[in-house]
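[1] Could you work out the structure for the sequence below:
(2 chains)
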There are 2 protein chains.
Amino acid sequence: MRMLLTIAYDGSLYAGWQRQPNAPTIQETLESALFRLYKTPVAAQGASRTDAGVHAAGQRAAFDEAGGVSVPTDKLPYALNTFLPDDIRATAARIVPDGFDPIRSAKQKTYEYRIYNGAFMDPCLRRYAEHIRAPLDMRSMRLAAAAFVGERDFAAFRAAGGSARTTVRRILALGVSEAGGLVTIRVTGNGFLYNMVRIIAGTLVYAGTGKLRAQDVPGIIESRDRARAGKTLAAKGLTLVNIDY
Amino acid sequence: MRMLLTIAYDGSLYAGWQRQPNAPTIQETLESALFRLYKTPVAAQGASRTDAGVHAAGQRAAFDEAGGVSVPTDKLPYALNTFLPDDIRATAARIVPDGFDPIRSAKQKTYEYRIYNGAFMDPCLRRYAEHIRAPLDMRSMRLAAAAFVGERDFAAFRAAGGSARTTVRRILALGVSEAGGLVTIRVTGNGFLYNMVRIIAGTLVYAGTGKLRAQDVPGIIESRDRARAGKTLAAKGLTLVNIDY
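    Alright, predicted model coming up:
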């Protein structure tokens, strides 16, 4: 039976989702837990290759049950968590059709990017938010955010190293909220280019500090020129919140 | 000149505020930074002896400038932070009268106790919130909270080991809020007994899970019997938010 897991993690100590030599990864740690549960090697296919330091509340991973072991679906997260370290939690499981591909089947993804906006960083947020000292103007950030919504060519918001064939993506929602000095950028789209959310967040910070105006955003998008967009903000501020199928 | 610092910290890796042999403490780490800044031993007097694992957003510490070094007050937090690890931040400084006692001069303190209420712990909150699986009824918790407000003898809400002469304290406000599964209990009082906030939080959890009713709270307070109050919740959920002078 093929299963789809929902996975939450604190990415601070991991070199990202994807298995690699000489560095701990989420995939490797999850596959080790699956091995201990099913007593045979199990390959987990992640829905999103989160980068080193990126967190997740709703990553997905698909795998085929193996070794003749079958765990009741509602018990699977609890069973798996007994073999996972406390910075990774399985939070849900469901049965999916054989051959289900968690990447291709994804309809839309939601990310949050968090910024602590104050003179001194909140020590308890130092692994979970970027620190920006300069006061951020929420109204300017929201005006700039609105210009991203829709189907656009986001070539200007893609880091080198991405392998996507097309740079056209549809952003369905992009909101900016603030509470107690913590600014949260929440974005939902049908897909994202490499580092796209972190570059959009950096561009919204430029809008918030007056380095660019909201009305500059359409021109930056049209330029397809990475150099005109904002900085790529740190991985630690990014959380993969949800994937819809 | 005597200075009063505001200090924020992630208490996860510390054996609390107070200096002790063979374990890292906030006081010792702060005094080391003061030593590096003033080039002579400086004693820091904390306003509150937070326990191991407890966090702070607004701890206070007083010290006398020494060694003939004088740092402009507005520059002091920045200077000190260059010598502090990133889990401790000085966030403000002001001049106070000679002999100022940050414990005796405190008018009121505010703490927050955080509980993550869900089937699976949020990994990014594992150091900053208690995990309670059973669904918490907010209305019952708020009704129970109201019964704590006022001047009361809180002997039933004191752990052994406290040295207070009287167990009478005044709670000025006790609120319970919830957002995205995170329940925050916020309490302001003129002073707190040893573990009092963590025991009140445990008692509110009993109210939230139906183990006791809001109308039981006055009787528990009157009993002065620690055994009738709730459990002492974990230190990691507690944050010293502010001290008013």
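[2] who's the spatially most central residue of chain A bridged to?
    Most central in chain A under C-alpha atoms, centre = their mean is residue A:240, positioned 2.9 Å from the mean C-alpha point. In this structure, residue A:240 bridges to residue A:56, residue A:111 when assessed by DSSP bridges.
[3] ditto for residue A:176
    Under DSSP bridges, the beta-bridge partners of residue A:176 are residue A:185.
[4] from what I can see it touches residue A:140, true?
    No - counting by C-beta atoms under 8 Å, residue A:140 is not a contact partner of residue A:176; they are 9.6 Å apart. C-beta coordinates here come from the backbone N, C-alpha and C atoms, glycine included.
[5] So for those two, which sits in the more crowded spot?
    Shown here are residue A:176 and residue A:140; by other C-beta atoms under 10 Å in any protein chain shown, residue A:176 has more neighbours (25 against 19).
[6] which residues sit in contact with the more buried one?
    A:138, A:141, A:142, A:145, A:183, A:184, A:185, A:186, A:204 (C-beta atoms under 8 Å, 6 or more residues apart in numbering or on different chains).
[7] three-state assignment of the residue of chain A most remote from its centre?
    What lies farthest from the middle of chain A is residue A:68; by C-alpha atoms, centre = their mean that is 33.5 Å. Of the three states, residue A:68 takes coil according to DSSP: H, G, I helix; E, B strand; the rest coil.
[8] where's it relative to chain B, distance?
    Look at residue A:68 and chain B: by C-beta to the nearest C-beta, to the nearest Å, they are 27 Å apart.
[9] repeat for residue A:18
    19 Å.
[10] Residue A:74 too?
    Taking C-beta to the nearest C-beta, one finds residue A:74 at 10 Å from chain B.
[11] quick one, phi psi at that residue?
    Dihedral angles of residue A:74 (phi, psi; degrees, to the nearest 10) stand at phi -70, psi -20.
[12] Once you drop chain neighbours, what's closest to it?
    The shortest distance from residue A:74 to any non-neighbouring residue, by C-beta to C-beta, 6 or more residues apart in numbering or on different chains, is to residue A:93 (7.6 Å).
[13] And residue A:218, by the same measure?
    residue A:147 (5.6 Å).
[14] What residues does chain A have near chain B?
    Within chain A, the positions near chain B by C-beta under 8 Å from any C-beta of the partner chain are A:8-10, A:55, A:57, A:77, A:81, A:86-91, A:119-124, A:126-128, A:239.
[15] can we see that at 10 Å?
    Listed as neighbours of chain B in chain A under the rule C-beta under 10 Å from any C-beta of the partner chain: A:6-12, A:55-57, A:77-78, A:81, A:84-92, A:118-128, A:179-180, A:239.
[16] So chain A: which segments form each domain?
    Listed by automatic domain parsing, the domain ranges of chain A are A:2-96, A:108-244.
[17] got these as a markdown table, with mean pLDDT and distance to residue B:234 columns?
    Converted to a markdown table, these look like this (pLDDT from 0 to 100; distance: least, C-beta to C-beta, whole Å):
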| stretch | mean pLDDT | distance to residue B:234 |
| --- | --- | --- |
| domain A:2-96 | 96 | 13 |
| domain A:108-244 | 96 | 15 |
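[18] before we move on, the earlier item: out of the residues of chain A next to chain B, which are inside helices?
    Using DSSP state H, the members of the residues of chain A next to chain B that fall in helices are A:77, A:78, A:81.
[19] Out of the residues you listed, grab the one that's most surrounded.
    Top of those by neighbour count (other C-beta under 10 Å): residue A:77, with 20 neighbours.
[20] Please report how far that one lies from residue B:148.
    According to C-beta to C-beta, to the nearest Å, residue A:77 and residue B:148 sit 36 Å apart.
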